[in-house]
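Build the 3D model from these lines:
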Amino acid sequence: MPLIKPFRGLRPLTARAADVAAPPYDVLSSQEARALAADKPWSFLHISKPEIDLPPAIDPYSPEVYAKGAANLAHMLAAGVLRRDATPCYYAYRLTMGGHQQTGLVVAASVAAYDAGRIRRHELTRPDKEDDRVRQIEALNAQTGPVLLAHPACAEVDAILAAAATAAPAADLVADTGVRHTVWAIEDAAALERIGTCFEALPALYIADGHHRSAAASRVAAARRAPQAGASAADYFLAVSFPAAQMQILCYNRVVRDLAGLSRDQFLRRVAEAFSVEPEAGAVQPATHGELGLYLPGQWHRLHIRAERIPADPVGRLDVSLLSDQLLAPILGIKDLRTDKRVEFVGGIRGTQELEQRVASGEMAAAFSMHATSMADLMAVTDARQIMPPKSTWFEPKLADGLVSHLLE
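Model prediction:
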């Protein structure tokens with residue numbers, strides 16, 4: 001079974017792309033989605049978060065919500081806002097945010113390769129989140145939220161994408177976030193074959209974001225797989241793969257609700273056992289591995305982990321692991337980041353001001369600004385078949401939902 005394959009993408013008419021494109025379903029609350037889609041009848045949020053078209057008190061995981069999503073998809077198809085390409089394609093997808101630009105490839109990626117570990121994961125998933133995506137896929141008979149992948153450098157694929165980007169785009173819009181999304185269909189048979197050959201030669205693909213979507217796709221494929229039957233559309237999942245060197249990871253910061261009964265001075269003395277602690281006049285945005293920022297009410301501190309405290313293994317040496325293993329767990333008793341309600345996470349895109357505000361409000365007792373995890377670290381962890389701590393990476397810019405979807409027919 002090929003690692004990737006072209007597919008007949010479901011996408012908006014070029015003139016409707018800006019009306020349809022929406023933020024990823026999992027970066028908005030239901031309330032935020034309602035407000036964003038209030039005057040946008042063709043927003044893909046009506047499909048990806050269909051609870052916005054039902055009474056506010058509804059459970060977003062109720063059967064009525066998934067049925068409403070399917071009805072909204074059928075409505076957009078009937079209205080001609082969305083159409084399915086006549087022949088299988090790959091799609092070049094370019095993201096532009098300020099001075100940063102990355103160009104990747106929309107593909108149908110092999111579930112078998114995911115199950116075998118050739119498409120590699122670095123995070124654990126939550127069963128309730130997986131269940132949600134399974135129900136959504138089954139209700140729509142489609143995958144609408146692309147998995148974000150990274151692939152090793154491949155000059156030939158880069159050249160094909162660059163050539164595709166010289167044609168008229170199938171979609172070109174600037175989202176509310178200021179990010180420009182541009183999509184081109186790649187239909188040439190020779191180019192399709194070359195892309196497939198190039199990807200088959202790669203040692204692995206790496207999941208950057210979308211672990212619940214890929215896990216759900218695997219479950220749907222397993223449930224639909226019939227003995228002696230050939231491959232079906234459900235044996236592949238919607239993905240966008242970018243060259244790893246082009247991808248941009250921002251930090252994922254932490255805030256904690258209390259100091260576990262310690263006074264400010266007691267806490268700082270305990271921190272100094274594993275870190276050097278230097279007060280700073282302004283906000284601290286760590287620039288190197290092993291450096292952290294600590295904000296207590298009215299004061300920033302720059303922390304440097306003591307060299308002898310840094311382990312050699314690819315997970316233990318991550319900055320997010322150093323914070324957890326050397327400070328959050330031993331000093332504050334926060335041992336499970338997935339379940340402990342005393343810790344929360346703040347995407348680096350929000351900046352250090354967000355951290356200061358959370359502490360100044362009294363909601364949180366302390367905040368930690370982090371150095372961003374590198375793509376090299378992510379790939380090292382996945383190649384070692386290990387799992388990164390929760391909320392280790394924040395990828396920007398984000399993909400849009402609705403520009404290309406994968407029907408399972």
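
Identify each buried residue in stretch 154-170, please.
Within stretch 154-170, the residues that count as buried by 16 or more other C-beta atoms under 10 Å are Cys154, Val157, Ile160, Leu161, Ala164, Pro169, Ala170. (Glycine included, C-beta is placed from N, CA and C.)

Please flag which of these sit within helices.
Of the positions in the buried residues of stretch 154-170, Val157, Ile160, Leu161, Ala164 sit in helices, assigned by DSSP state H.

of these, closest to Gln248?
Leu161 (17.5 Å; C-beta to C-beta).

Please enumerate the strands of the stretch 101-250 of the chain.
Using DSSP state E, counting those that start in this stretch, the strands of the stretch 101-250 of the chain run over residues 119-120, 142-143, 147-151, 171-174, 180-186, 205-209, 236-243, 249-250.

Output these as TSV; include the columns mean neighbour count, distance to Leu192 and mean pLDDT.
TSV is the format used below for the strands of the stretch 101-250 of the chain (neighbours: other C-beta atoms under 10 Å; distance: least, C-beta to C-beta, whole Å; pLDDT from 0 to 100):
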stretch	mean neighbour count	distance to Leu192	mean pLDDT
strand 119-120	24	20	96
strand 142-143	24	20	98
strand 147-151	25	17	97
strand 171-174	18	20	98
strand 180-186	21	7	98
strand 205-209	23	18	95
strand 236-243	26	15	98
strand 249-250	18	30	91
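
Out of the ones you listed, flag the one nearest Thr288.
Taking C-beta to C-beta as the measure, those were each checked against Thr288, and strand 249-250 came out nearest at 15.0 Å.

now that closest one: how far from the chain's centre is it?
Relative to the centre of its chain, strand 249-250 is centred 11 Å away, using C-alpha atoms, centre = their mean, to the nearest Å.

what's the following helix or strand after it?
The C-terminal neighbour of strand 249-250 among helices and strands, as given by DSSP states H and E, is strand 252-256.

Other residues contacting that following strand?
With contacts defined as C-beta atoms under 8 Å, 6 or more residues apart in numbering, strand 252-256 is touched by 320, 323, 328, 332, 334, 342-348, 355, 358-359, 364-370, 373, 391-394.

neighbouring strands for it, and are they parallel or not?
Partner strands for strand 252-256, per DSSP bridges, with pairing direction: strand 343-347 (antiparallel), strand 366-369 (antiparallel).

For it, the averaged confidence score.
Taken as a whole, strand 252-256 carries a mean pLDDT of 96.

Using PDB, write out every CA atom in that strand.
Once side chains and other backbone atoms are set aside, the C-alpha atoms of strand 252-256 remain, and they are given as PDB (Å, rounded to 0.1, in the frame of the first residue of the first chain):
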ATOM      1  CA  TYR A 252       4.200  26.200  24.900                       C
ATOM      2  CA  ASN A 253       4.200  28.000  28.200                       C
ATOM      3  CA  ARG A 254       2.900  26.900  31.600                       C
ATOM      4  CA  VAL A 255       1.000  28.600  34.500                       C
ATOM      5  CA  VAL A 256       0.300  27.100  37.900                       C
END
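
Which of the three states applies to the closest residue to His304 other than its chain neighbours?
In space, His304 comes closest to Ser276 once its chain neighbours are excluded; the distance is 4.6 Å by C-beta to C-beta, 6 or more residues apart in numbering. Classification of Ser276 by DSSP: H, G, I helix; E, B strand; the rest coil places it in strand.

mind listing what Leu327 touches?
Residues touching Leu327, when contacts are defined by C-beta under 8 Å, 6+ apart, comprise Val271, Ala274, Phe275.

that's a strand at it, yeah?
No. With the criterion set as three-state DSSP, the secondary structure at Leu327 is helix rather than a strand.

confidence score at it?
Leu327 is assigned 97 on the pLDDT scale.

and the gap between it and Ala360?
21 Å (C-beta to C-beta, to the nearest Å).

do Ala155 as well
Taken as C-beta to C-beta, the spacing of Ala155 relative to Ala360 amounts to 50 Å.

Over to Arg11?
From Arg11 across to Ala360, the span is 45 Å (C-beta to C-beta).

same check, this time on Pro330
Using C-beta to C-beta, which is the criterion applied here, Pro330 is 27 Å from Ala360.

same question, Met379
Distance from Met379 to Ala360, by C-beta to C-beta: 38 Å.

Of these two, which one has the most company?
Comparing Met379 with Ala360 by neighbour count (other C-beta atoms under 10 Å), the higher total belongs to Met379, at 18 against 13.

I figured the more buried one hits Ile249, correct?
No. Using C-beta atoms under 8 Å, Met379 makes no contact with Ile249, being 11.5 Å away.

Now list whatever residues contact both of the two.
Counting by C-beta under 8 Å, 6+ apart, Met379 and Ile249 have no shared contacts at all.

and the most centrally placed residue in the chain, bridged to which residues?
In the chain, the centroid-proximal residue (C-alpha atoms, centre = their mean) is Asp209; its distance is 3.0 Å. Beta-bridge pairing of Asp209 under DSSP bridges involves Leu148.
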